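**Q** sequence first, then the predicted structure:
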Amino acid sequence: MSTPELGLPMVVPAPGLPARVRIHEVGPRDGLQNEKATVPTEVKAEFVRRLADAGLTTIEATSFVHPKWVPQLADAEALFPLVRDLPGVHLPVLVPNAHGLDRALALGATRVAVFASATQSFSKANLNRTVDEALAMFEPVVSQAKKDGLHVRSYLSMCFGDPWEGAVPVHQVVRVCRSLLDMGCDELSLGDTIGVATPGHVRELLTELNEAGVPTGSIGVHFHDTYGQALTNTLVALQHGVTTVDASAGGLGGCPYAKSATGNLATEDLVWMLQGLGIDTGVDLGRLTATSVWMAGRLGRPSPSRTVKALAGTAQPPKE
Ligand code: HMG
Ligand code: MG
C-alpha cells in the first residue's frame, strides 16, 4: 500500500485486473449534447484542450448529425478544426449516415462512430429507423470509412434495459453486436443508456458475446450511473478482460432521445477507482477535476460527480 496523498486514493492492487485501461472520454459529445443551454464553440474547444492536458488521449469531440435533432452540437464544423491538431489525441466523432461521414471526412476526422440500438423503440426515437433499417444505413458508412483507413467504433444503446420496452434479452443485443462486427466495426461500445444494468447482467452479456465469437478486445463499456451501479458494473467488465471504458468528465450528460438517461459515469469517479487499484490510465486526476470544476462554472451548476465534489476544494484550476 502506498502512502496516501491529498487528493489521491491509496493504491491497493487487486488480482485479475488489467494493468492499463484506455478511457474513452465522451464529455464534449455525450455530455454537452444534453445541455439545455448552448455552450459557445470556444468554450467547447477549451474543454477539449483541458481534457487533453489532463492526459485523456481519446476525446469524443462532437457529432455530425442533423442539427435539428441535436442543436447543441450544430457547431461541429466550427469546433472540429479548433481541436483536430492536438498532439497525441484521438478525436472520434459520431456519424449516423453517409452525409455525416462526408462532413467528418471533409474536416479530416480519422475516427468515427456509428450508433445502433438493441431495441426498436430507441432506434426509432434516435435514428428515425428500425434496428435493421439503421444497420442498413450504417453498412455503407462503415465500409467507406474502412476504405478510407478510418477507425470505426459502434455504439450499441439499450444493451440492458429500455425505457419503453423494459428488460432487453441478451440474445437481442448479441445479434446486433454480431452484425456491427461483421460489417467491419473495429470496436463496440455496450451502452447502458438508462443505467439499469447490474453486475450479473454485465457478466452474462459479456460471456454470451464471447460465445458468439465477439472478442473481449473489441468491446468497450458505456455505463450510466442512474442507480449508482456504473462503477460496480465497470469492475465486473474489467474482471472479464475489458480494457476500454467510456466516461464523461464531471458526469455530464445523458441522451436527448431516451427518457430517464441520466448522467454518464463520471471520468473522475472512474479514475479514482482505477488509480486506487494501481491501474494506469495516464490521467492526472487533479487537472481533470479542475477541468470539470471550470466547466461546471461555465454551465452554471455543480458537477454531479462524487469525486469532483470531494476533490473540488483541493483542485487548483489553472490561472485564467
Ligand atoms: P431523418 O429525418 O430520417 O433523415 O433523420 P433523412 O435521411 O430522412 O434526411 C432528412 C434531412 O436531414 C435531409 O435534409 C438530410 O440532408 C438531412 P433536407 O433534404 O430535408 O434539407 N441530414 C443531415 N444533415 C446533417 N447531417 C447529417 C444528416 N443526415 C441527414 N448527418 C438522422 C435521420 C440519422 C439524420 C437523425 O435521426 C439524426 O441526426 N439523429 C441523431 C440523434 C443523435 O445524435 N442522438 C444522440 C447520440 S446517441 C447517444 O447519445 C447514445 C450513446 O451515447 C450511447 C448510450 O449511452 O447509449 C451513443
Ligand atoms: Mg452516454
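**A** Good, I have the coordinates. Ligands and ions are numbered 1, 2, ... in the order given.
**Q** quick check: pLDDT value at residue 1.
**A** Predicted confidence (pLDDT) for residue 1: 53.
**Q** no wait, residue 4
**A** The pLDDT attached to residue 4 in the predicted structure is 57.
**Q** near ligand 1, anything from stretch 245-253?
**A** No. If you take CB under 6 Å from any ligand atom as the test, stretch 245-253 misses ligand 1, and the best it gets is 7.6 Å. To be clear about C-beta, it is placed using only N, CA and C from the backbone, and glycine gets the same treatment.
**Q** avg pLDDT for that stretch?
**A** 96.
**Q** report the backbone C-alpha coordinates of it in PDB.
**A** Extracted C-alpha coordinates of stretch 245-253, given in PDB (Å, rounded to 0.1, in the frame of the first residue of the first chain):
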ATOM      1  CA  VAL A 245     -14.200   2.300 -20.600                       C
ATOM      2  CA  ASP A 246     -16.300   5.300 -21.600                       C
ATOM      3  CA  ALA A 247     -16.800   8.100 -19.200                       C
ATOM      4  CA  SER A 248     -17.800  11.700 -19.100                       C
ATOM      5  CA  ALA A 249     -15.800  14.400 -17.300                       C
ATOM      6  CA  GLY A 250     -17.700  15.600 -14.300                       C
ATOM      7  CA  GLY A 251     -20.500  13.100 -15.100                       C
ATOM      8  CA  LEU A 252     -22.000  15.300 -17.700                       C
ATOM      9  CA  GLY A 253     -24.700  14.100 -20.000                       C
END
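**Q** that one close to ligand 2?
**A** No. Judged by CB under 5 Å from the ion, stretch 245-253 stays clear of ligand 2, getting no closer than 5.7 Å.
**Q** now that stretch: how far from the chain's centre is it?
**A** Offset of stretch 245-253 from its chain centre (CA atoms, centre = their mean, to the nearest Å): 7 Å.
**Q** what does stretch 102-119 give?
**A** Centroid displacement of stretch 102-119 relative to its chain, using CA atoms, centre = their mean, is 14 Å.
**Q** got the end-to-end distance for that stretch?
**A** Using CA to CA, to the nearest Å, one end of stretch 102-119 lies 27 Å from the other.
**Q** tally of neighbours for the nearest residue to residue 70 once chain neighbours are set aside?
**A** Distances taken as CB to CB, 6 or more residues apart in numbering place residue 33 nearest to residue 70, at 5.2 Å, with adjacent residues excluded. Residues lying near residue 33 (other CB atoms under 10 Å) number 23.
**Q** residue 33 contacts residue 253, doesn't it?
**A** Yes. The pair residue 33 / residue 253 is scored as a contact, 7.0 Å apart, by CB atoms under 8 Å.
**Q** up against ligand 1, what does the chain have?
**A** Counting by CB under 6 Å from any ligand atom, the chain sits next to ligand 1 at 30, 33, 63-66, 69-70, 96-97, 99-100, 115, 126-128, 155, 157, 191, 193, 222, 255, 257.
**Q** ok, and of the residues you listed, which contact ligand 2?
**A** Among those, ligand 2 is touched by residue 30 when using CB under 5 Å from the ion.
**Q** for residue 155, give me phi and psi.
**A** Dihedral angles of residue 155 (phi, psi; degrees, to the nearest 10) stand at phi -80, psi 150.
**Q** change the start of the numbering to 387 and stick with it
**A** Understood, numbering begins at 387; the last thing we discussed is residue 541.
**Q** residue contacts, it?
**A** By CB atoms under 8 Å, 6 or more residues apart in numbering, the contact set of residue 541 is 480, 499-502, 574-575, 577, 608.
**Q** would you mind listing what in this protein touches ligand 2?
**A** Selection of the chain residues close to ligand 2 by CB under 5 Å from the ion yields 416, 650.
**Q** tell me which other helices or strands the helix or strand encompassing residue 596 touches.
**A** With elements taken from DSSP states H and E, the one containing residue 596 is helix 585-597. The contact analysis (3 or more CB pairs under 8 Å, 6 or more residues apart in numbering; DSSP states H and E) places helix 585-597 against helix 556-568, strand 605-609, helix 616-625.
**Q** from the contact counts, what lies against the second one?
**A** To tie it back to what came earlier, the one meant is strand 605-609. On a contact count with 3+ CB pairs under 8 Å, 6+ apart, strand 605-609 meets strand 573-578, helix 585-597, helix 616-625, strand 630-633.
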